[in-house]
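> The following comprises the amino acid sequence and a computationally predicted model.
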Amino acid sequence: MFAVISIPDFSLQALLRHEPELRKKPVALVDDESANSPVWQVTEAGRALGVLPGITSTQAKARCATVIFRRRLLLQEELAQETLLGWAYAFAAYIESTAPGVCTVDLRGLSLLQAEDLPKALETWARQMIDCLESSHLSARVGLAASPALALQATHGDAEVNLVLDPARFWRQLPVAKLCHSANITEILGIWGISSVAEFLALGKANIAVRLGAEGLALYEVAQTDTIRPLHLTVPKQAYEEYFEFETPTETLEPLLFIIRRLLDQLTRRVTGAGRVIGQLTISLKLDSGQIHERILDIPAPTGDIAVLFRVLHNYLETVRTSSPVAAISMRSESCPAETQQFELFETAVRDPNRFYETLASLSALLGPNRVGTPVVRDSFRPDDFILTPVAVDQKDKSRKKPDCQAERGLPLRRFRPPLPATVQLREGQPAFIGNSRFHSSVRHSQGPYRASGEWWENVWTREEWDIETHDGGLYRIFRNGGDWFVEGTYD
Amino acid sequence: MPPAHAKNIVELRQLLAERFPGVRMAAGPPPTAGYCLSTGLPQMDHLLGGGLPKGAITEVIASGAGSGALLFLGALLKQAQKQGQWMGLVDGSDAFDPSAFDDTTLTRLLWVRCTGAKEAIKAADQLLHDGTVPLVVLDLVFCPPKELRKISSSTWFRFQRILASTALLAIVPEHLIGNAEARLTLARKFTIKSLEQPRAALLEQVEGYPTELALQPEVEPAAKIA
C-alpha cells in the first residue's frame, strides 16, 4: 500500500506559510511585478472573485481590486518541500520526494496495515498527516492505493483523503478532466460523450493513439497504474531552516520579532515532530544594503520550548544595531536528541538552565568579561593564579581533582586586587611597623620570610612573604617585590 | 503585670499555633530546620536556629580580619558542594581567593566578581531575581563604608520581597540591614598561630553571637498619655 501526499497550489502555499492570515484573502502568485506577468496560482478567495491562473496581473487587478500579488520564491518552495518530507518521515521510513509539493510514502511495515479495519486505520493515519501539515500551514490531500501511480491519481479526488481499494470503481468516478491538463483533449472527449477515466480507457490504446495522437497516448499512460515502480527513497535533512522576505524592509524590532516568532514556531514544530530538540539556532538578517548579519546562538540546555528559544533570540536582537533595514530573515536550527539527565540521589537539578544562563549572560554584560564563573586554580606556584570557567550546570564533581590537603591549612586570604602599596619598617630583619592607605599599625608578631621566585628558571628570589599580626589584632600577608612592599590581603 | 491586651495577643498566638501548626508567625519561634539551609558548622546552625533561613536575609557582621568570615564561607561552600547545590558568591570587592580552597570545594561556586558595593547590589539583584541558586552570599567586607552607607534600606526590603526560597547571607563590616531575619556577629579570635593549624580545627573555633540592636524607646499608647 502506498500513500501520496499532495499539496495543491504548492508554490503559493509555500509562500503563504508564514503569512497564514492571507490564505483566506485573494492572493495571486506571479513571476515578477510587471503588468503582463501571468498569474500562476490563486487562493480560493481569489478564484471566487474571478482571478484565475493564466490571466495577467493587470487583468487580475481589474477583476479584483483587492487582490494581493506575491512574487514566487524558489527558496520558500524548497523549504516547504523539506517541511513536507520531514512530516512524512515522521510517519513512515520509506519516502520519496516525487515532485514539488508531492511526496510518496511506502506504507510497508507499518502496523496500521495489520489493523482489522484497514480502511478506517488508513484514513485515521492520513488525517493525522494532514493535521500535522496543517500545523505548518500547508493544506494537503492524501491518496492511498496499491500502487504509487494510482495513489497519486487518488489525490485528484474531491475528498481530502481518498482511499482506492477498487481501481475500476475509482476510474468510473474520476472525471477525465481531473487527469487531463489539455483543454483541447478535454473538449474533444466531452464532444464524444466521454466524462470518466474508465470510459476513456475503454477506447483502447490503439484507438486513442489514432484519434488523439501523442497527447492522448500520454494521457492513457498516466491512467495505467497497475505497475509498482521503485521509489527513489530520500531522508530529510537534520538541519531545519525557515526563511521570510519582507515586502518592505523593516527598521524596527517589533515586526522582526513578530516574524521571528512565526519562523520559530514552524521550526520548533518540525523539530519536535521529528522527536528532537533545538540545540543551536543560526539567525541571518539580510540587510537592504546586501550585507548579511549572521549569528550562531547555542542553546545551553537544548529544548523545544518556543518561549525559551524566543527569549534567547529576543535578548540577542535587543543588542543588535544594523547599518540598514532588514530585508529578509533566515533561521536555521541544529537539532539534537532530547537528553534526559540522570541526577544523583541527593543532587538538585537546576530548574531552568536556560534562564540561569540568561542571568549569567546579563551578569557578564553588567560586570564585563572574566567576571562571572567557577574558579579553577591553576597547577602553579604563582600567586593568585586561577582561571574562571563558564558555569556548567550538568558538570559532575567526579571529574575534578582530589582535594589538596596543603591548601586546607590556616585561614583563607581575602585579597586586595591589586595589592596595596605599603611602607614597612624592619627591625632585626622582621617587619616592625606597617603603614598603607587603609591602616597604620605596629607589628606584634610576624612569620617569614617565605621566599619565592617568579618563574622556575629565575635563579634569584624575587618575592619575600611575611605573615604579620598587628597590634589591633589584624592578620595580614605582606610581601616585598623588587624593594617595594605590598599588602596582599587579610586572613579571615 | 502585663497589660490586658498583651495577654490577649499571647492567647491568640497560642490559639493560632494550635490550630495551624505548620504556619510560622513573624513574631513566633525561630525557623525550624525545614526552612533552613545548614551552614555545615553545628555551632552556627545552633545560633541561627537551624541554619540560614530560606526566603530571608541573614546578616553576618565581620568587623575585622581574623573573625573567621572566610572560614564560615568555606564551610558553606563545602556544604553546598556536598548537597550538590550551587552557591552564588557576589564578591563586592573582588577579594575572594580561590587558591585557599581545594578544587572540589569550588565546583559548585558561582563567583561574581564586582568592583564596588553598587555593582554588587545590582549583581545580587539579578541573581536573586533568577532564583536558581539556593544560597547567595553577598560579601561586602572590603567595600568602603562610604559606599555601604549609600545603600538605601529599601534595597534590602526589595531583596526580602524577591527572595522566594533563596537564602541571602550578607557578610558586612558593620550593621547595615534592618530587615534581616537573623543577625550574627563573628567573634574575632584568630591569631597568627592559627595560620599553621589544620582548617578542620579552625572551623570548630568559628564563633559568633547574636547581635543585639539598640532598641528604639517605647512610645506610650496615646490613650495612656491622654
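Thanks, I have the structure now. Numbers count the residues shown, from 1 in each chain, chains lettered A, B, ... in the order given.
> Next one, pLDDT for the closest residue to A:Asp31 other than its chain neighbours please.
Among residues not flanking A:Asp31 along the chain, A:Ser37 sits closest, at 5.1 Å (C-beta to C-beta, 6 or more residues apart in numbering or on different chains). For glycine as for every other residue, the C-beta is placed from the backbone atoms N, C-alpha and C. A:Ser37 is assigned 84 on the pLDDT scale.
> Residues in a beta bridge with A:Asp69, which ones?
Actually, residue A:69 is Phe rather than Asp. When assigned by DSSP bridges, A:Phe69 has beta-bridge partners A:Ala28.
> okay, how far is it across stretch A:269-281, tip to tip?
Stretch A:269-281 stretches 14 Å from its first residue to its last (C-alpha to C-alpha, to the nearest Å).
> State the mean pLDDT of that stretch.
Stretch A:269-281 comes out at a mean pLDDT of 87.
> Now do the contacts for the spatially most central residue of chain B.
Centroid-nearest residue in chain B: B:Thr58, 2.0 Å away (criterion: C-alpha atoms, centre = their mean). Neighbour list for B:Thr58: B:48, B:52, B:167-170, B:180-184 [criterion: C-beta atoms under 8 Å, 6 or more residues apart in numbering or on different chains].
> Could you say which helix or strand holds it?
In this structure, B:Thr58 sits in strand B:57-61 according to DSSP states H and E.
> A:Arg172 too?
helix A:167-173.
> outside of that helix, which residues touch it?
In contact with helix A:167-173 (C-beta under 8 Å, 6+ apart) are residues A:145-146, A:150, A:153-154, A:157, A:164, A:196-198, A:201, A:223, A:225-226.
> Give me the neighbour count for the residue of the stretch 51-200 of chain A found nearest chain B.
Residue nearest to chain B within the stretch 51-200 of chain A: A:Ser135 (32.9 Å; C-beta to the nearest C-beta). By other C-beta atoms under 10 Å in any protein chain shown, the residues close to A:Ser135 number 14.
> Next, the contact list for it, please.
Counting by C-beta under 8 Å, 6+ apart, A:Ser135 touches A:Arg269.
> thinking again about what came up before, partner strands of the strand holding B:Thr58, parallel or antiparallel?
Short version: by DSSP bridges, strand B:57-61 pairs with strand B:167-172 (parallel), strand B:182-186 (parallel).
> Which residues does the helix or strand just after that strand contact?
With elements assigned by DSSP H and E, the helix or strand that comes after strand B:57-61 is helix B:69-82. Identification of contacts with helix B:69-82 by C-beta under 8 Å, 6+ apart yields A:397, A:411-414, A:492, B:37-41, B:44, B:60, B:62, B:86-87, B:89, B:100-101, B:104-109, B:135, B:137, B:139, B:141, B:169, B:171, B:186, B:199, B:202-203, B:206.
> What is the least confident helix or strand in chain A?
Scoring the helices and strands of chain A by mean pLDDT, DSSP states H and E places helix A:176-179 at the bottom, with a mean of 78.
> Quick one: list the elements packing against it.
In terms of contacts (3 or more C-beta pairs under 8 Å, 6 or more residues apart in numbering or on different chains; DSSP states H and E), helix A:176-179 is packed against helix A:183-192, helix A:197-201.
> So which bits of the shortest one are buried?
What that stands for is helix A:197-201. Buried residues in helix A:197-201, counted by 16 or more other C-beta atoms under 10 Å in any protein chain shown: A:197-198, A:200-201.
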